[in-house]
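Visitor: Fold the following, please.
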Amino acid sequence: MSSSTSTTTATKKAAPVDYSISNSDVVFKYKTAGKIANKVIAQVKELAIAGSNTYDLCAKGDELLEEELSKIFNSKKTKSTPKGIAFPTTISPNHVPAHLAPVSKDDEANIELKDGDVVSIQLGVQLDGFPAIVGETFVIGASKSNPIDGQKADLLKAAWTASEVALSNFKPGTKNWDITNVVGKVAKSFDVTPVENMLTYNQERLKMYANKEIILNPSKQNKASMETHKVELNDVYGLDILISTSKDGKVKPSNFRTSLYKLTGESYALKMKMSHKILGELKTKANGHPFPFNIRNLEDPKKARGGLAEPTNHKILLSYDVVAEKEGEYIAQFYTTFGVTKNGIVKYTVPVFDEEFYKSDKEYKEEESS
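Guide: Next up, the predicted model:
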């Protein structure tokens, strides 16, 4: 009897944990993380008014994320569950597509926002390694009584439409190129362009970037090297739609220095003492999690930059570089985390587009299948 019981116990221990969304516990974690991300992005958006600045908004967004995280998973049963920021708050205005998160008030990336600025916010939360990230774009000063029209309205409506149409195409069997193509068609109907070579990935536990890539507006080189993948049941994706007002959608390195770095899991024998010190501090403060971390939270962010180069060059860290479009162009982003289920997609994060705030006479008409 006793030997039979021990065999059963051993068998149970060996059973692998199901980390897919066919497991209701995993779905609960995604949905809970998503609720926090949705709540905080709405709060940051309210604070993003003319006269506010990117540093204060990013710092406040992270503070709000931590505040909401402190309220959950505190019972004896759940308090050991890892939780944290999966994507620090970024505020990217006008021709900057993403990743702008100043480390200090005197940082060059600390920009004061003004009426008419096109502003993208991105942030996210992870519970037990399952990340729920959200991103959305709006125009400062836009309202129901003061709607925006013209180029900016066309851009935002195009990005939102591209996101919604792309989401409707995520069905088992759909190829990554089907999504690439439909986003391109939507953009063309609004006379705008997807940002070149921007990537969307499926994600897994502790992996924001798994093995299925979807590319927007690929260069010839990237189109030739990109593999073909199919959407499968129970896949989870972070759909990142970035659309530009320019004709080619090309972005280049900007003058803004990044503050976001992510541990890759790679290792290398670092030579510099400073590199060891800074990497050790980052690992400790990021709890070893493979999610983007804002170096604003290090003891001395400015000095820390000197110790970040070596681990970044040897791929121990991934840096989230800040690129930019040409001055005078604008970029809009919508980022949705969702799962592919037998009943269709389920959004875990829900970016918002206030349609009444933007008046565009352009629209996308889906082609009828012959």
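Visitor: Any figure for the gap between residue 298 and residue 279?
Guide: 11 Å (Cβ to Cβ, to the nearest Å). For every residue, glycine as well, the C-beta is placed using N, CA and C.
Visitor: An error on my part: the question was meant for residue 349.
Guide: 30 Å.
Visitor: Among those two, which residue is more densely surrounded?
Guide: Comparing residue 349 with residue 279 by other Cβ atoms under 10 Å, the one with more neighbours is residue 349, at 28 against 23.
Visitor: got the contact list for residue 168?
Guide: residue 345 (Cβ atoms under 8 Å, 6 or more residues apart in numbering).
Visitor: mind running it again at 10 Å?
Guide: 182, 344-345, 366 (Cβ atoms under 10 Å, 6 or more residues apart in numbering).
Visitor: go on, residue 19?
Guide: Contacts of residue 19 (Cβ under 10 Å, 6+ apart): 25-26, 29, 128-130, 204-206.
Visitor: count of residues packed around residue 91?
Guide: Neighbourhood size, residue 91 [other Cβ under 10 Å]: 28.
Visitor: so it is in which element?
Guide: strand 83-93 (DSSP states H and E).
Visitor: centre of the chain versus that strand, how much separation?
Guide: 8 Å (Cα atoms, centre = their mean, to the nearest Å).
Visitor: Going forward, the N-terminal residue is numbered 478.
Guide: Sure, I'll start counting at 478 from here, so that last one is strand 560-570.
Visitor: by contact count, what packs against it?
Guide: Applying 3 or more Cβ pairs under 10 Å, 6 or more residues apart in numbering; DSSP states H and E, one finds that strand 560-570 contacts helix 501-524, helix 531-546, strand 595-604, strand 607-616, strand 737-740, strand 770-771, strand 808-818.
Visitor: partner residues bridging the most centrally placed residue in the chain?
Guide: By Cα atoms, centre = their mean, the chain has its centre lying nearest to residue 610, at 5.1 Å. Beta-bridge partners for residue 610, by DSSP bridges, are residue 601.
Visitor: per-residue pLDDT, it?
Guide: Note for residue 610: predicted pLDDT of 98.
Visitor: same check, this time on residue 492
Guide: 81.
Visitor: and it, how many residues sit next to it?
Guide: Neighbour number of residue 492 under other Cβ under 10 Å is 7.
Visitor: coming back round to it: any chance of the helices and strands packed on strand 560-570 in JSON lines, plus distance to residue 747?
Guide: JSON lines is the format used below for the helices and strands packed on strand 560-570 (distance: least, Cβ to Cβ, whole Å):
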{"stretch": "helix 501-524", "distance to residue 747": "33"}
{"stretch": "helix 531-546", "distance to residue 747": "28"}
{"stretch": "strand 595-604", "distance to residue 747": "27"}
{"stretch": "strand 607-616", "distance to residue 747": "27"}
{"stretch": "strand 737-740", "distance to residue 747": "14"}
{"stretch": "strand 770-771", "distance to residue 747": "18"}
{"stretch": "strand 808-818", "distance to residue 747": "33"}
